[in-house]
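>>> Any chance you could fold what I've pasted below:
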Amino acid sequence: MQSPEKSGEEPHPLEAAEFSRRILELVDGLSRNSADISAEQVLDDIVQLIDSFPVEPGSSGELNFPKPYQDSYNSAIGLWNLAVTLKANGTTPTAERTSFNAQMRHTACRLASLCTLAFSSTSAAYGKIAQMALKTARAWLECDNPSMAEASLALADEFNQKHITSCQMEHDAAGTLVTEVKGKEQELQGLRISLYEVEVASALGQQQRAVDKFLEVKPCLGLHPKQVPAAAMLVYNLGVTCFKQFNFSSAAAWLSQSYEVGKLCAIGAAKQARTLRLLARAYLETGDGSNLRRALNAVDLANTEQIHPAGLYCKLSVLLKMRSSESIIKQALLEYVSHPDVSIDMALVATKDLVQDDRTALAVSGLEHLATRFQNTPSETRIRLEELELLMQLEKMEDVCRIIDHCLSAHNDYQPLSASDRQRLHNVLWKHAASAYEAGQFKSALTWYDYSADFFSSSELESRNSCKLQRNRCLCLLGLRQYDEATLALQQSRQYDPDNPYSHFLLFKIALLEGEDQKAIDELKAMVQAGNKARLMRPWISWSPMASRLAL
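Got it, this is the predicted structure:
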């Protein structure tokens, strides 16, 4: 690189002219987008040429560019405008092209700044470079390159300070004062740079530095109310980013700042409530018990700003973590499931949370309230089935029978169960019947199987599941020593599935119990033959004494 010229001396005009000519040629080639060479290669050539810029800062009092440097400056502006046009036209949508666009802006800004430092000291020129550098920083942030954004912000800050100093000097020379409007503009530009520095520090993972910087500039927001909504959104987005990165402590710090800044303007209750809900979740996710009270305060504020299902659910979650009393949690639960925007799926998630927290009785209470809300709709059956399973866990058999009778009445009279709901009901009943049988509670098992039988239509009597059901009923009746009824149940099964090996086994067992030895021997032989036949036809099939689930 050529040695710098002494102050007040112009660089060699031919060298400057050659530099200008080559820059102009390359920028024109880039704008034409020739197929002979890639745009990336052209930009690399421009960058390398700028590295050999023919002059260091020289005359500080020159107000007009010498022509070669004016041409180079114009080429820089042309390159900048090309980058703006490409983005405006949507021709750089991919990550790679977005990065290229940022590189174009960075190169144009760098060239323009070198030309300006060399031969112009007007405040307007400095202000323009500061604005270009600020927009270049935004371009680098958009392609996730905070390091380059930081470099661009350093340039923006440098030229902004030069802009302020030069503006003051120009007014001093003219014997005038900097107008209030001009002073406000300068303050605003400094505020924008500082907010970008906050964003860059956060993107670099330097959260404490970012927070400290924000707290430093926060008092300035009161002087520029139009910037408050953007600042509130900025720190909200930083909080969201930290939350997604599982940095919940930093997320809470940013979100609390967003809420505080939002109070400085009419940002809207919905946005403030959204911020507070996420703040509560951040406190909750820290896993620190000391933050639970903060989480509850945040979500209560959110629900004061706007009643929203997410806020009501968040409050329920916080109360569960705090191990609050049954009455407090029940009130929060009923408030949630009663909200008109809470769907059945959302409500069921809440009841499952209660079950996992060993509050099954509260979950049942919520489901009962939800069933009332969706009464006489297809959704009611789904809710009742959830309630049925929980009541069985609590062994509240009177309530279980009441719900089954309700479902049966609705199924027969006005709201037939869907195939999936019926299968689910059968599976629940068969599961508990099998458990009761294994515990020797034959009467209870028979009750559940009888309920299941009530939900079979006449057209389903010949199905495999119906035949299984009758064989299971037969087992229960044998346990109760009701042999005639057991035989009748088995006859119903054999009517549609006569060669089932297990049917012969049950006949064998009945014959033994009734003292008919020869019949028992015949049934045993028939069972072996039927078993061999079944294995030849379907070798993967096995059979067990008690079918606890329906066939699929």
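>>> In the protein, where is pLDDT below threshold?
Along the chain, segments meeting pLDDT under 70 span 1-14, 16, 33-37, 54-66, 90-94, 120-121, 171-181, 461-462, 531, 533-552.
>>> Show me what the helix ranked longest in it packs onto, helices and strands only.
For the chain, the longest helix by residue count, based on DSSP state H, is helix 146-174. On a contact count with 3 or more C-beta pairs under 8 Å, 6 or more residues apart in numbering; DSSP states H and E, helix 146-174 meets helix 95-119, helix 123-142, helix 180-203. Placement of C-beta: from N, CA and C, glycine included.
>>> Any buried residues in the first one, and which?
Translated: helix 95-119. 98-119 (16 or more other C-beta atoms under 10 Å).
>>> could the helices and strands packed on helix 146-174 go into TSV alongside distance to residue 346?
Output for the helices and strands packed on helix 146-174, formatted as TSV (distance: least, C-beta to C-beta, whole Å):
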stretch	distance to residue 346
helix 95-119	36
helix 123-142	35
helix 180-203	33
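>>> of all those, which lies closest to residue 492?
Taking C-beta to C-beta, helix 95-119 is the member of the helices and strands packed on helix 146-174 nearest to residue 492, at 68.6 Å.
>>> now that closest one and helix 123-142, what's the angle there?
In terms of direction (axes from the mean of the first three to the mean of the last three C-alpha atoms, to 10 degrees), helix 95-119 departs from helix 123-142 by 160 degrees.
>>> now helix 95-119, how far from the centre of its chain.
How far helix 95-119 lies from its chain's middle: 36 Å, per C-alpha atoms, centre = their mean, to the nearest Å.
>>> tell me what that helix is packed against?
Where contact means 3+ C-beta pairs under 8 Å, 6+ apart, helix 95-119 is packed against helix 39-51, helix 67-88, helix 123-142, helix 146-174.
>>> which of those helices sits most buried?
Ranked by mean neighbour count, the helices and strands packed on helix 95-119 are led by helix 123-142 with a mean of 22 (mean count of other C-beta atoms under 10 Å).
>>> Pull the distance from it to the chain's centre.
The answer for helix 123-142 is 34 Å, by C-alpha atoms, centre = their mean.
>>> residues in contact with residue 478?
Contact partners of residue 478, counting by C-beta atoms under 8 Å, 6 or more residues apart in numbering, are 486, 506, 509, 510, 513.
>>> my guess is the last one contacts residue 483, does it?
So that's residue 513. Yes: using C-beta atoms under 8 Å, residue 513 is in contact with residue 483, at 6.3 Å.
>>> list residues touching both of those two?
In terms of C-beta under 8 Å, 6+ apart, residue 513 and residue 483 are not both contacted by any residue.
>>> I'd like the distance between the residue most central in space within the chain and residue 287.
Nearest to the mean C-alpha position of the chain, by C-alpha atoms, centre = their mean, lies residue 244 at 8.1 Å. According to C-beta to C-beta, to the nearest Å, residue 244 stands 17 Å off from residue 287.
>>> ok now do the residue nearest to residue 379 when sequence neighbours are not counted, which residues does it touch?
Excluding the flanking residues, the one nearest residue 379 by C-beta to C-beta, 6 or more residues apart in numbering is residue 344, at 5.3 Å. Contact analysis of residue 344 by C-beta under 8 Å, 6+ apart lists 370, 374, 379, 382, 383.
>>> What about the second one, how many residues nearby?
Meaning residue 374. Residue 374: 16 surrounding residues under other C-beta atoms under 10 Å.
>>> quick one, phi psi at it?
Backbone torsions of residue 374, given as degrees, to the nearest 10, read phi -110, psi 30.
>>> wait, what's in contact with it?
Neighbour list for residue 374: 344, 380, 383 [criterion: C-beta under 8 Å, 6+ apart].
>>> Same list, these, but as CSV with distance to residue 196 and secondary structure please.
Below are the contacts of residue 374 laid out as CSV (distance: C-beta to C-beta, whole Å; DSSP: H, G, I helix; E, B strand; the rest coil):
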residue, distance to residue 196, secondary structure
344, 46, helix
380, 55, helix
383, 52, helix
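>>> which of those lies closest to residue 149?
Closest to residue 149, out of all of the contacts of residue 374 and judged by C-beta to C-beta, is residue 344, at 46.8 Å.
>>> Tell me where the stretch 201-350 of the chain has helices.
Using DSSP state H, counting those that start in this stretch, the helices of the stretch 201-350 of the chain run over residues 207-217, 228-244, 248-262, 269-285, 292-305, 309-321, 326-337, 344-356.
>>> Dump the ones you listed into CSV; add distance to residue 187 as well.
Compiled in CSV, those are given as follows (distance: least, C-beta to C-beta, whole Å):
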stretch, distance to residue 187
helix 207-217, 11
helix 228-244, 14
helix 248-262, 18
helix 269-285, 26
helix 292-305, 32
helix 309-321, 38
helix 326-337, 47
helix 344-356, 48
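>>> Of those helices, which is nearest residue 29?
Closest to residue 29 of these is helix 228-244 (C-beta to C-beta; 38.5 Å).
>>> now for the closest one, which elements pack on it?
helix 180-203, helix 207-217, helix 248-262, helix 269-285.
>>> So what's the gap between it and the chain middle?
Helix 228-244 sits 16 Å away from the centroid of its parent chain (C-alpha atoms, centre = their mean).
>>> Just want the angle from it to helix 248-262.
170 degrees.
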